[in-house]
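Student: Let me see the structure of the following:
(one chain, ligands or ions: 4)
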Amino acid sequence: MDGRDRYVFFTPDLDEIVRHRDSTNRELRQALASCDEQLRVHYQPICCAQTGEITGVEALLRWQHPIHGLMSPAGFIQAAEECGLIEVLGNWVLRKALADAREWPGLRLAVNVSPIQVRNRAFPDVIGEMLAASGWDPTRLELEITETALMTRSQDVAETLARLRELGVSCALDDFGTGYSSLSHIRDIAVDRIKIDRSFVNAVESRPGAALVEAIANLARANGLLLTAEGVETQAQFEFLRAAGCHEMQGYLLSRPVPAHAITRMLESADTR
Ligand code: C2E
Ligand code: CA
Ligand code: CA
Ligand code: CA
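Tutor: Residues are numbered from 1 along each chain as shown. Ligands and ions are numbered 1, 2, ... in the order given. Sure thing, here's the model as predicted:
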């Protein structure tokens, strides 16, 4: 048998997938045991569509893996959810981001939370304690949840979001348009903002894509919701989205996610302009 045949007929067997997952879990556990050594939080600026001013940042988790280098969360958040580590991980991100963002008094801090965190009825208490402990203004914190979080146990989730709102924390519906029954969610759930998914932003230069974004913008306006476009990469996208009524923009056109000190530097240079 030659090597070529083996590649052609190679399919990873279940055993191998499980082994890979086990090793990811084990490594993730180790990373969590010494969070500050391997885990990082980067921040992506979010800008006002009208003035271009930085109004907030989104915290994005990174794992500085000893062998694989800087890893995107896309590859390990799900593993953390499956093996029960997501709450520890999520709380670490929240604490770290709240501490870093102390350097940026005027900015809103957006943090992604997993459906598993939101489904825990104690979640608002955890958030409340963190805010109290750090002396943070709750209205500066925004939690980003995806529609997936609203699909199961949606009554519990609605209650959790209502309690977070009582604390003064706001909530954004992330990746809007990619999940199911989006429309009923924005009616039933106390969200303050929707974030148009990058896949729609990418498509605004085509006619159906443009119409979809306009429909989402109208929906946001009719419901009094703030609207952020994510994954904005070109000036043409920016102009279209601003004209359509997006309030804020986020994407590589403005900045990639960067370490905390780079945000501090951006704010300093904006001040002295
Ligand atoms: P997301 O919340 O939709 O975050 C936006 C993602 O798009 C980020 O990927 C960001 O780096 C990327 N992005 C931003 N602007 C652009 C652009 O102009 N072009 C392109 N191509 N990409 C852009 P990232 O950092 O790899 O994160 C992937 C996902 O992992 C996030 O998607 C979020 O769902 C999840 N995630 C990240 N951090 C956390 C966390 O602390 N907790 C939880 N539960 N999930 C997290
Ligand atoms: Ca997000
Ligand atoms: Ca998103
Ligand atoms: Ca996404």
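Student: For the closest residue to ligand 2 within the stretch 1-150 of the chain, which non-adjacent residue is spatially closest?
Tutor: Per CB to the ion, residue 144 is where the stretch 1-150 of the chain lies closest to ligand 2, at 4.1 Å. C-beta: built from backbone N, CA, C; applies to glycine. Nearest non-adjacent residue to residue 144, counting by CB to CB, 6 or more residues apart in numbering: residue 174, 4.3 Å away.
Student: The one you found touches residue 195, doesn't it?
Tutor: Yes: between residue 174 and residue 195 there is a contact under CB atoms under 8 Å: 5.2 Å.
Student: got any residues that touch both of the two?
Tutor: Residues within reach of residue 174 and of residue 195 at once, by CB atoms under 8 Å, 6 or more residues apart in numbering, are residue 144.
Student: Just after the helix or strand that contains residue 81, pick out the following helix or strand.
Tutor: Using DSSP states H and E, residue 81 falls within helix 77-82. In the C-terminal direction, the helix or strand that comes right after helix 77-82 (DSSP H and E) is helix 86-100.
Student: Any idea how far that following helix is from the middle of the chain?
Tutor: On the basis of CA atoms, centre = their mean, to the nearest Å, helix 86-100 sits 13 Å off its chain's mean C-alpha point.
Student: how about it: buried residues?
Tutor: Neighbour-count burial for helix 86-100 flags 86-87, 89-94, 96-98, 100 (criterion: 16 or more other CB atoms under 10 Å).
Student: How about stretch 56-72?
Tutor: Result for stretch 56-72 [16+ other CB under 10 Å]: buried residues 56-63, 65.
Student: In TSV, list those along with pLDDT and secondary structure.
Tutor: Output for these, formatted as TSV (pLDDT from 0 to 100; DSSP: H, G, I helix; E, B strand; the rest coil):
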residue	pLDDT	secondary structure
56	98	strand
57	98	strand
58	98	strand
59	98	strand
60	97	strand
61	95	strand
62	93	strand
63	88	strand
65	83	strand
